[in-house]
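> okay, sequence plus prediction incoming.
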Amino acid sequence: MTALAVAALPLTASAKPLICAACVMGNLDVLTSDRMRGRACASDEEHTAARFLADKLSAYGVKGAAEGGAYLQRVDYQVPTYATTPVLRVGAVRMMHGEGVVLVNPRAAVSAEIVVLGKASDPAMAAGRIVVLDGAVEPGVTGPMFKAGALAVVVAAPEPALANWADLAARAPPADDANLRTTILARPEAYAALRAAAGQTATLGAARGASLTRTTYNVLGRIRGRAADADKQAILLSAHYDHLGVRGGKIYRGANDDASGTVAVLELARVLAQGRPAKRTVQFALFGCEEAGGYGAKHFLDHPPLPLGDIAANLEFEMIGQPDPQRPKTLMLTGWERSNLGPTLKAQGADIGPDLYPEQDFFTRSDNYQLARRGVVAQTISAWPTTPTYHQPTDDMSGLDLPFMGEVIQSMVAPVRWLLNSDFRPAWNAGQKP
């Protein structure tokens, strides 16, 4: 980035302490660079990113919070595999996974009648069947079908899926589970054949093979508070640093998702490490492998650097690089209505408000949810979570609104400092605890 671009980040002269525009820009440049190749889960490039983040925390004066004072928490996890190539059969017709169809979250074995249902259909008709969806894919349509007991839903593969067909087919299967929502993406000829097979029985075979062990890393830091009980009321600031890697020969750089949130946590760490420590301890966690199933956050919960009951609140930062056209100057907090954390921070000057997309259920779709399920008041700060660049190779530095990023990171400094120096401990609202 040029000096002019760095200087373009607006910082209020009277605000103390100021964020470092050059630091924000430099860290973004590294995380989205060619050598990081999209920071795919468990890749060498993701490991390189982890070491870069650890070095930054060390340079800022933040101590390591992993075992023995290290910055990197190793996470070994198991990845299921297919025993053989999955196949969908209808009569004498065999559709191989990766050819006419791609099976997303397939069960190991399914045998059921095919039925064609659409937006106006009664979802109850999906129970125990394989549904061929008549019409465009909509969560408001397929969701009720799965809830009613659909064993799989066949959809006409949209253009983004067709463009990334080989990459989708190469993804590891999930662990077999009776609650899997199996979606069958079908090319036009396969979709037509399955639609014409209504009333027939289809069988899906996706037997699992031996699992593979893979490794990611969480990057953990800590600034101890000055109060006697500082560690008993810690505040956790977090983000995930991985993304999707290289697909179809294109680098998915993940500038907004979630280099932006990662850089925000880094910059808050740099600022908070300056001067006198706060009353409370502040923990930093940059999670690996969020995109592949939240493996980093799950391991963190099972091997926390301090008891989970001692974490008073968790603020996750994700996708803060582009302002929402509906609310261009304000951040959102997922699950706003679930706790008193958001309104309290807003009263302290945080420019945040409710989630404008409740139908998307973003509260459950980031690493904060792993902690929330264990009782920690944990919510995600975001800006515009439905950007056109989401999970696209166009999510690069050119798509970030850098002046906006500077403003929103700066806007969170004072509220976070207040939280760290207060006695406020957020609580779930009645009936809203996950």
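Nice, I can see it.

> which parts of the chain are helices?
In the chain, helices defined by DSSP state H lie at 3-7, 21-31, 44-59, 139-148, 159-163, 165-169, 188-196, 260-272, 295-302, 341-347, 368-372, 402-421, listed in chain order.

> kindly export stretch 277-297 (C-alpha atoms) in CSV.
What follows is stretch 277-297, C-alpha atoms only, in CSV (Å, rounded to 0.1, in the frame of the first residue of the first chain):
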residue,chain,number,x,y,z
PRO,A,277,-3.0,-2.6,32.6
ALA,A,278,-6.8,-2.6,33.0
LYS,A,279,-8.5,-4.1,36.1
ARG,A,280,-9.5,-7.2,34.2
THR,A,281,-7.4,-9.6,32.3
VAL,A,282,-7.9,-9.5,28.5
GLN,A,283,-7.5,-12.7,26.6
PHE,A,284,-6.9,-12.8,22.8
ALA,A,285,-7.8,-15.9,20.7
LEU,A,286,-7.3,-16.1,16.9
PHE,A,287,-8.9,-19.4,15.9
GLY,A,288,-7.9,-21.7,13.1
CYS,A,289,-10.1,-23.8,10.9
GLU,A,290,-13.4,-21.9,11.5
GLU,A,291,-14.4,-22.3,7.9
ALA,A,292,-13.9,-26.1,8.0
GLY,A,293,-16.0,-26.7,11.1
GLY,A,294,-14.8,-24.6,13.9
TYR,A,295,-12.1,-27.0,15.0
GLY,A,296,-9.9,-24.3,16.6
ALA,A,297,-12.7,-22.9,18.8
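
> for the record, mean pLDDT for it?
For stretch 277-297, mean pLDDT rounds to 95.

> quick one on the thing from earlier: let me have the helices of the chain in CSV, extended by mean neighbour count and distance to Val282.
Every residue, glycine included, has its C-beta placed from N, CA and C. Shown next, in CSV, are the helices of the chain (neighbours: other C-beta atoms under 10 Å; distance: least, C-beta to C-beta, whole Å):
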stretch, mean neighbour count, distance to Val282
helix 3-7, 11, 27
helix 21-31, 19, 18
helix 44-59, 19, 12
helix 139-148, 16, 36
helix 159-163, 13, 39
helix 165-169, 16, 38
helix 188-196, 16, 52
helix 260-272, 25, 6
helix 295-302, 21, 16
helix 341-347, 19, 15
helix 368-372, 24, 15
helix 402-421, 20, 6
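
> those: lowest mean pLDDT?
helix 3-7 - the lowest mean pLDDT of the helices of the chain, at a mean of 32.

> quick check on the residue most central in space within the chain: phi, psi?
Nearest residue to the geometric centre of the chain (C-alpha atoms, centre = their mean): Ser366, 4.1 Å. Dihedral angles of Ser366 (phi, psi; degrees, to the nearest 10) stand at phi -140, psi 170.

> any chance of the helices of the chain in CSV with distance to Trp428 as columns?
Listed next are those as CSV, based on distance: least, C-beta to C-beta, whole Å:
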stretch, distance to Trp428
helix 3-7, 41
helix 21-31, 33
helix 44-59, 30
helix 139-148, 25
helix 159-163, 37
helix 165-169, 37
helix 188-196, 44
helix 260-272, 23
helix 295-302, 18
helix 341-347, 9
helix 368-372, 9
helix 402-421, 17
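
> nearest to Arg107, of those helices?
Closest approach to Arg107 among the helices of the chain is made by helix 139-148 (12.2 Å; C-beta to C-beta).

> what sits up against the closest one?
117-119, 123-127, 131, 133, 135, 153, 155, 181, 183, 359-360 (C-beta atoms under 8 Å, 6 or more residues apart in numbering).

> are any of those buried, and which?
Neighbour-count burial (16 or more other C-beta atoms under 10 Å) applied to the contacts of helix 139-148 gives Leu117, Pro123, Ala126, Val131, Leu133, Val153, Val155, Arg181, Thr183.

> in the stretch 101-250 of the chain, what spans have low per-residue confidence?
Under the criterion pLDDT under 70, no range of the stretch 101-250 of the chain is flagged.

> count of neighbours near Asn179?
7 (other C-beta atoms under 10 Å).

> phi and psi next, for it.
phi -100, psi 10.

> Leu151 versus that one, what's the distance?
As judged by C-beta to C-beta, to the nearest Å, Asn179 and Leu151 stand 11 Å apart.

> over to Glu267?
47 Å.

> got it, and Ile352?
41 Å.

> likewise Met25?
Taken as C-beta to C-beta, the span from Met25 to Leu151 is 49 Å.

> ok, which of the helices of the chain comes nearest Tyr71?
helix 44-59 (3.6 Å).

> for the closest one, packing partners?
helix 21-31, strand 63-64, strand 72-79, strand 212-223, helix 260-272, strand 282-287 (3 or more C-beta pairs under 8 Å, 6 or more residues apart in numbering; DSSP states H and E).

> and the second one, which strands flank it?
Strand 63-64 has the following strand partners under DSSP bridges: strand 212-223 (antiparallel).

> with respect to Thr387, which of the helices and strands packed on helix 44-59 lies nearest?
Closest to Thr387 of the helices and strands packed on helix 44-59, according to C-beta to C-beta: helix 260-272, at 10.7 Å.

> how big is the angle separating that closest one from helix 402-421?
50 degrees (axes from the mean of the first three to the mean of the last three C-alpha atoms, to 10 degrees).

> how far is helix 260-272 from where the chain is centred?
17 Å (C-alpha atoms, centre = their mean, to the nearest Å).

> which residues sit against that helix?
Residues contacting helix 260-272 (C-beta under 8 Å, 6+ apart): 17, 19-20, 23-24, 27-28, 31, 53, 56-57, 60, 62, 221, 223, 237-241, 278, 282, 284, 286, 316-321, 400, 405, 408-409, 412-413, 416-417, 420.
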